[in-house]
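Student: Give the three-dimensional model of this entry:
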Amino acid sequence: MQCLRIFIDFGSTFTKVVAFDLEKEELIARVQAPSSVDTDIMIGLRAALDLLRETVEVRDDDIGQALACSSAAGGLRMICIGLVPEYTTEAGRLAALGAGAKVVGTYSYELSRRETEEIAASRPDIVLLTGGTDGGNKTNIIHNARMLASVGDSVKNIIVAGNKSAEDEVYGIFAEAGKDVLITKNVMPEFGELELEPVNDKIRDVFIRHITEAKGIAGARRMISDVLMPTPSAVLDAAKLISDGAENEPGLGELLLVDVGGATTDVYSIATGAPTNNAVAMIGLPEPYAKRTVEGDIGLFHNLDTLAELAAGEFAAHGGSGAEVRNRIQSLRDVRSVPIGEEQKHDQLLLSRKAVKTAVDRHAGRLERRVTHNGEIWFQRGKDLSKLGIVLGGGGPLAFSSDPRFVLEGAVLERENSAVLKPRAPAFLLDEKYILFAAGLLAKSQPVKALRIMKKYLSKI
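Tutor: Next comes the predicted model:
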């Protein structure tokens, strides 16, 4: 098949393989096999490719041209360090999340010895060091550079995106310590002004050059064309494409995407998020148009215990005792994938909806009321998503759900919690074929075809 293109996602739970016929703009096959990152990632890849060959004729050349993304072994783990928590630290966190990373720690002001030891113990893939607007405070970022330079091999890759007036001295500190350091534009060059894309690009560069080797994917890169990016970055690219369109192919407009996975629940909003009420004023940092947040405590496989605690009220409403719920959660962990029987289906629906609700609550903006001598004033912090017309569901627990609409309704505004600016009356779409990551990878070279394929296979629910 001359127009066959293969795309691979090395996930934390499953290795997924998607095959498109680009001439017909059709999905030919989608298969998955359990990931094997703890032993040899090639085992899972070969198993998935064997399943693909059972469905479609695949040549060695087809595999050689395959592109991949990866979130295996916990994905791209980053720590962000800045000056003020609400400004440069938060700007760095937004940049890291937008590049597809999982932020495992944030630090502000001058690092203490204890904090430096914590960073070393967490062994992040990348440390993002920010701090100070251009021409502003230099003391903080230079101090933090010296503290990080004293850490051994547990911190290898450092990206500096702070006050440009300090970059020469900071670079010298890291170079003398033998650190792999990249300097890029300040993530907040002026107060309240974000510049995220240069940092995003450097993060992806480090991922491609270093992280894929460290995650054991070197063998796969010798078999296929390349591992391009972290999986969340591919999904974000797909979400932007579906929302914005490409060339003469229109998109669907501003949207919210909820991607429920085995290890995390990620939320993406492609929207300006400006206040929909003229009487409300914005506070805090401006939000990026394409924003991603990741909730590492609410995955549907690795975080079942945490999810069960969050959903305790829902389980109690259905008559489940503590011991009974723990046993039922364990049975869900044992099946790893599609639940078996009505009880397991019911439990996974409750947990999936709770994951969606919790993740969107954390992602959406909020209204804050303040009483002044002039009366009551309302402020908005974060994005107003209340008038978004589309909520798109992705990830295995949604794609294979027995009632995906029930799950996605967790993203909708609740009357009793109206301060959280969630969508009020959206339409629901589902990536039921589980191919968003593949569309994001294809979008790098053929965005129009990628968009047409997604339009064909997104289903209304």
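Student: what's the model's confidence in the helix or strand harbouring residue 229, averaged?
Tutor: Assigned by DSSP states H and E, residue 229 belongs to strand 226-230. In this model, strand 226-230 carries a mean pLDDT of 84.
Student: show me where the stretch 351-461 of the chain has helices.
Tutor: Counting by DSSP state H, counting those that start in this stretch, one finds helices in the stretch 351-461 of the chain at the ranges 396-399, 404-408, 436-442, 447-457.
Student: among those helices, which is the most enclosed?
Tutor: Sort these by mean neighbour count, taking mean count of other CB atoms under 10 Å, and helix 436-442 sits at the top with a mean of 29. For every residue, glycine as well, the C-beta is placed using N, CA and C.
Student: who does that helix touch, helix- and strand-wise?
Tutor: Contact here means 3 or more CB pairs under 8 Å, 6 or more residues apart in numbering; DSSP states H and E; on that basis helix 436-442 packs against strand 4-10, strand 14-21, strand 67-70, helix 231-244, helix 447-457.
Student: Residues touching the first one, excluding its own?
Tutor: So that's strand 4-10. Contacts with strand 4-10, where a contact means CB atoms under 8 Å, 6 or more residues apart in numbering, come from 15-22, 28, 35, 37, 41, 44-45, 48, 52, 56, 58, 62-63, 65-72, 215, 217, 220, 224, 227, 231, 234, 437-438, 441-442.
Student: closest one to residue 239 among the helices of the stretch 351-461 of the chain?
Tutor: Minimum separation from residue 239 across the helices of the stretch 351-461 of the chain (CB to CB) falls at helix 436-442, 7.6 Å.
Student: which other residues reach the closest one?
Tutor: The contact list for helix 436-442 (CB under 8 Å, 6+ apart) reads 5, 7, 9, 16, 18, 20, 67-69, 228-229, 231, 233-239, 241-242, 257, 259, 394, 449-451, 453-454.
Student: Filter those down to the buried ones, ChimeraX style.
Tutor: Provided next is the ChimeraX selection string for whichever of the contacts of helix 436-442 are buried by 16 or more other CB atoms under 10 Å:
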select :5,7,9,16,18,20,67,68,69,228,229,231,233,234,235,236,237,238,239,241,242,257,259,394,449,450,451,453,454
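Student: Tell me, what's the model's pLDDT at the residue lying closest to residue 20 once chain neighbours are set aside?
Tutor: Leaving aside its chain neighbours, residue 20 sits nearest to residue 5 (5.1 Å; criterion: CB to CB, 6 or more residues apart in numbering). Looking at residue 5, its pLDDT is 94.
Student: what's the neighbour count on the closest residue to residue 311 other than its chain neighbours?
Tutor: Leaving aside its sequence neighbours, residue 311 sits nearest to residue 354 (CB to CB, 6+ apart; 4.1 Å). By the measure other CB atoms under 10 Å, the count of residues near residue 354 is 23.
Student: is it true that residue 354 touches residue 409?
Tutor: No: contact criterion CB atoms under 8 Å: residue 354 and residue 409 do not qualify, at 11.6 Å.
Student: For the stretch 151-300 of the chain, which segments are assigned as strands?
Tutor: For the stretch 151-300 of the chain, the strands defined by DSSP state E, counting those that start in this stretch occupy 157-160, 180-183, 226-230, 245-246, 249-250, 255-260, 265-270, 280-283, 290-295.
Student: tell me which residues in the second one are buried?
Tutor: Put plainly, it is strand 180-183. Neighbour counts over strand 180-183 (16+ other CB under 10 Å) mark 181, 182, 183 as buried.
Student: one step back: closest to residue 390 out of the helices of the stretch 351-461 of the chain?
Tutor: Smallest distance to residue 390 across the helices of the stretch 351-461 of the chain (CB to CB): 10.7 Å, for helix 404-408.
Student: Which strands or helices does the closest one pack on?
Tutor: On a contact count with 3+ CB pairs under 8 Å, 6+ apart, helix 404-408 meets helix 341-363, strand 390-394, helix 396-399, strand 427-430.
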